[in-house]
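1. Okay, here's the prediction I keep looking at, along with the sequence it came from:
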Amino acid sequence: MSKTKKRLGIVSFLVFAVLITAGVYLSHVNIPVLQPRGPIADKEFKLLVLIVSSMLIVAVPVFLLLAYVVWRYREDNPKRGKYEPDWEHSRWLEGLWWAIPAILITIVSVITWNASYALNPYLPLKSSNKAITIQVVSLNWKWLFIYPNQKIATINYFELPVNTPIHFYLTSDAPMNSFWLPQLSGQIFTMAGMQTQLYLAADSMGTYYGSSANISGVGFANMHFNAISVSSTSFKAWALSVKDKSPNLSMNEYMMLRQPSSIVKNVNYSYPVNCLFNTIINSYMMPVANGMGKVGV
Amino acid sequence: MGDLATTSLSIAKSNRKIEQIENDNTTLFGFWVYLMTDCVLFASLFATFVVLRNNTFGGPTGAQLFSMPYVLLETMALLTSSFTNGLALLSAQKRKVKQTLFWMGLTFVLGLTFLSLELAEFHKFARMGDSWTRSGFLSAYYTLVGTHGAHITIGLLWMAVMAFYIFKRGITRVSLKRIRMMSMFWHFLDVVWIFIFTIVYLFGALHA
Amino acid sequence: MLLSLFANLLGKLSLKQLPHDPVTAVGASMIVAVPILLAILLTVTKRWKWLYREWLTTQDHKKIGIMYIIVAVAMGLRGLADVVLVRAQQALASGNSHGILNASHFQQIVSAHGTIMIFFVAMGLMFGIINLIVPLQIGSRDVAFPFLNATGFWLFFAGMALINVSLVIGDFAATGWLAYPPLSELAYSPTVGVDYWIWSLEIAGIGSLMAGVNFIATILKKRVKGMKLMLMPLFSWSVLGSMFLVVFAFPILTVTLTLLAFDRTFGMHFFTSSYGGNMMMYVNLIWAWGHPEVYILVLPAFGAYSEVVSAFARKRLFGYTSMVWAIWAIVVLSFIVWLHHFFTMGASPDVNAFFGIMTMIIAVPTGVKLFNWLFTLYKGKLNLKTPLYWFIAFVVVFTIGGMAGVLMAVPPLDFQFHNSLFLVAHFHMMIVSGVLFGYFAAITYWFPKFFGFKLNERLGRYAFWNWLIGFLLAFVPLYILGFMGATRRLDHYSASLGWQPLFIVAAIGVVFIIAGVVFQFLQLVVSIWQRNNEGMSHKDPWDGRTLEWSLPTPVPIYNFARLPIVSTRDAFMAIKKAKLIDNRPYEPIEIPKNTPLSILIALGAFLFGFAFVWHIWWLVVVGFITTVLSIIVRSMDEHPTRLLSAKQVEKMEQSYKEAAV
């Protein structure tokens, strides 16, 4: 018995030490999913907390029951409980554990149903500020962000004004990717010949890490970008300066861009070709490529 | 004592007979399960076809390609072969070797006719430039109909092997069991064809 | 002229396809060396004939089961080697360091790891244990279709061989283990890697389908008289559920792989981005197979846990009827949840919510099973041996992993977890604890049945603790990394993200897991060494409850000389309690003859697959004809079985009894 106690002591000490180390480490790093900086990510985080706590209603009793049963009924326990080898059925008990998880799952299901609507990525965000449109194209292996109204485009980073909804339209001119900006919102796929949408906003200024979550070839690890949230005045100034000082995004330039390569630095463009985003999508939908050359088949 | 030994021997013998019948039943059951897997296989192909049916990418639609009288001819060939195949099974059950072989032969010829018609159709489309590389719709069309055709080919091969077997060994318990399975297989392909006829050709011709 | 003709004969194959970089070269030479060493060993010990007669041509489900397990273990080592490389790369490749592998190589290894672990390790262990146990548990002398069964195994073997050849000649898919198009299409993956992936899985998948048909027929048609379905041991019940999933799910895989092969080989447009292809159809199809596949693997392991828990609690299984209903609830539900693998596709909220809720509902029958197991332990007399240790670890890990699963079943939460390392941690927790630990427990439990001695308990425990600690160290950090925004399959990441310490911890976890594996091998060796020690050799060491424990060890080829009499659950316990002595006369027994045709069929399939990968069309024809001819020859065989007379059976039984004394 004392040997067991000694072992338990050592194990609890080790576990404790690991937990403390982990805690110290984690308090010093950025954990995007748990540190939302926008209304969508924030709602997702609160939902996470709610679901985890309701799951614990079943999980904790399971752990306690397991520990109790194993401790009490192990063969070498001198105070072992009564042994009933033929006890195999109890309508009441079995009914209980069909019922309790069922009730719990019903509750979680209702939450899920509502949350799926409330956090539908296509749902416009309510705000007093007018939404800004950004068209996103995943390329091999870089992200192209087009601001059709500001007439600018950027590679691997974009700026957004704080507290303003951003309306993303997304597609791919490469294999499928998944657009993920965890501190602002969850993911959405980008697929060639198709368009997806996503609304998000940032409620504080800062630089947020985003990446592709879906493997897309050898340069996949370079498919990351920064979203820089700034005040609305500096956003306007930035957009104007990009428009003034950057080279044109002509069709030729775009055809160069879509060649497989990794660009790890930020690049700016002005005056992207008219309707570039739709042209890219359509190039997969129709046999006649609008000057797009050979489409990715 | 001797009596007891013979009795237990005869019991053992009849037990083995029962066992054989049970084994045959198991085989037929197993074949049903196999057909179920084939059902899922075709269901997946049908689903694929339905998803891609309008994805012609500027190429021809079903309505532009298919000639209904031609398909009806194919259908008649296959349906008739199913009928003759049924007659083959009936003859086999009556242990009539020659009759069985005759009906099987007729089934084979009809099946071959069906297959030739199908291949001729494929060939015609491909020559017009509408091969499976033309569009998603055509890929799905050739694959679905072609998979059925491949099954028919396997069926024909099976039939030939079985005819040879019956010719050499007559109609035994084993060959009868196999003719039953063969017949299940052939009827199954018939049913699949009815679905192909309806979903691919009929709806294809209707949806202009 | 002659040279170019010869080159044409080899399709896309050339000397350039042999490995050049050092890591692959080492792997490739291992793959080449192992068969050569085995061949030398067999020649030196003059065992070729023995190998051919006893193993290669056998139709005995017990031997086939053992071969499945041997292949699975060998492949497990390869999968583990892949893990070592992946973990080393991710622990090192931060910031300016690019680790030990280039991106393409890293992605191939990640893909190979997933493919091998699911198809050739988990499936192999599962079919191995099913082959060994199911016929014995249901009191049958054989499986329903022994030839089909053997052919299924050899096709599994051929698929395994093909995936390993890819290490030596050419390359492997760098697309992730499910090879989503359009990445896996020719336009983005022009090398033969994806083709190897396709044909390896296609061939092994058809083998699984055969096994599925065989075991459905075996369980439904070959049960001993008196064993009604509701008297059947729970392992057999869960195998039945699993095999139903196999026959409904695997044809979908066959179709999906074929269509992808058609796209790549013949220029069709099922899943291409353009020409009217639809890549999301692939994703739907592959998960319509893929999600049931998870339950295919996990259900038999659940069944094994049911047997283990009941045997080591020395008590009847609690809630048998509930358990059976729970299995079938899982079987049905597993087919209507596949969309939860791609909530992020942008489907409408009602579609996402529907599939999310269906997914959560699976938690109910799973929870029921957990509680029933716990109440089997309750009021028991727990024989705390390693199988029960694995079970306890399973409950803890599986519950945590399951909670993560419910989280991801909520679509808006999945948006934050999809394809992140959180997901990777989740499914490893489910599959390693739910499947691998289950089969470890099963092997420890059933080992003495087939080999006549127990596995060393102390070393088993060492293995257990190393495995468990290693496993937690390897995967808990991945949960956190997921929260930190780390996605899966990254061969490099920037140092500023702060991920490296956690990746290093995960790598340390792998070191513990390797120690666990070493202890498992040590356990096997030491147990063989000490097999004659007191207390090790046993016919029925756990006081078994089901029919397999009523048989002599090793189990005779015909399993049951006298078919057992069954009228209750836990049939063997009833026989023991009633102290029944069976004096019925022996009867003649029909057993299948050995045949090399199963292997020939699989050889044809292997050649067919290999030739398709490299576009060597004449060899495609040769492979196809080999397979078809073997089948025809088999169908011509009028005497595939032989009869053991009652006398022979009596003699064999006598020899087993003497051996037991």
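-> Perfect, thanks for sending it.
2. what's the weakest-modelled helix or strand in chain C?
-> Here the helix or strand of chain C ranked lowest by mean pLDDT, DSSP states H and E is helix C:2-9, holding a mean of 68.
3. continuing past that helix, what's the next helix or strand?
-> Downstream of helix C:2-9, the first helix or strand assigned by DSSP states H and E is helix C:22-44.
4. Tell me if that next one is near chain A.
-> No. Helix C:22-44 does not reach chain A (CB under 8 Å from any CB of the partner chain); its nearest approach is 15.7 Å. For the C-beta atoms, the positions are set from N, CA and C on the backbone; glycine is no exception.
5. Just name whatever secondary elements that helix is in contact with.
-> Here helix C:22-44 touches helix C:61-92, helix C:146-168, going by 3 or more CB pairs under 8 Å, 6 or more residues apart in numbering or on different chains; DSSP states H and E.
6. can I get the ones you listed in CSV with distance to chain A and mean neighbour count?
-> Converted to CSV, the helices and strands packed on helix C:22-44 look like this (distance: least, CB to the nearest CB, whole Å; neighbours: other CB atoms under 10 Å in any protein chain shown):
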stretch, distance to chain A, mean neighbour count
helix C:61-92, 10, 20
helix C:146-168, 18, 25
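7. Tell me which of these approaches residue C:352 most closely.
-> Of all the helices and strands packed on helix C:22-44, it is helix C:61-92 that lies closest to residue C:352, at 31.0 Å by CB to CB.
8. between that closest one and helix C:22-44, how many degrees?
-> 160 degrees (axes from the mean of the first three to the mean of the last three CA atoms, to 10 degrees).
9. for the record, mean pLDDT for helix C:61-92?
-> On average, the pLDDT along helix C:61-92 is 97.
10. Doesn't residue A:121 belong to a helix?
-> No. Residue A:121 is assigned coil when assessed by DSSP: H, G, I helix; E, B strand; the rest coil, not a helix.
11. what about the nearest residue to it once chain neighbours are set aside, how many neighbours?
-> In space, and not counting its chain neighbours, residue A:121 is closest to residue A:198: 4.5 Å by CB to CB, 6 or more residues apart in numbering or on different chains. Neighbourhood size, residue A:198 [other CB atoms under 10 Å in any protein chain shown]: 25.
12. now the one 5 residues further on
-> Neighbourhood size, residue A:203 [other CB under 10 Å]: 14.
13. related to what we said a few turns ago, will you turn the helices and strands packed on helix C:22-44 into JSON lines that also has distance to residue B:72?
-> Listed next are those as JSON lines, based on distance: least, CB to CB, whole Å:
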{"stretch": "helix C:61-92", "distance to residue B:72": "49"}
{"stretch": "helix C:146-168", "distance to residue B:72": "39"}
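14. quick one: stretch C:638-648 to chain centroid distance?
-> Distance of stretch C:638-648 from its chain centroid, counting by CA atoms, centre = their mean, to the nearest Å, is 33 Å.
15. quick one: contacts for the residue in chain C positioned nearest to chain A?
-> Closest approach between chain C and chain A, counting by CB to the nearest CB: residue C:415, at 2.2 Å. By CB atoms under 8 Å, 6 or more residues apart in numbering or on different chains, the residues touching residue C:415 are A:44, A:119, A:121, A:185-188, C:343-344.
16. Please repeat the previous calculation with a cut-off of 6 Å.
-> By CB atoms under 6 Å, 6 or more residues apart in numbering or on different chains, the contact list for residue C:415 reads A:186-187, C:344.
17. Just give me the closest of the residues you listed to chain B.
-> Out of the contacts of residue C:415, the member with the shortest distance to chain B (by CB to the nearest CB) is residue C:344, at 20.1 Å.
18. Tell me which of the helices and strands packed on helix C:22-44 sits nearest to residue C:332.
-> Using CB to CB, the helices and strands packed on helix C:22-44 put helix C:146-168 closest to residue C:332, at 25.3 Å.
19. could you say what helices and strands that closest one packs with?
-> Other helices and strands packing on helix C:146-168, by 3 or more CB pairs under 6 Å, 6 or more residues apart in numbering or on different chains; DSSP states H and E, are helix C:22-44, helix C:61-92, helix C:193-221, helix C:597-614.
20. Make sure I have this right: the residue nearest to residue A:121 is in a helix.
-> No. Assessed by three-state DSSP, residue A:198 does not belong to a helix; its assignment is strand.
21. Perfect, that will be all.
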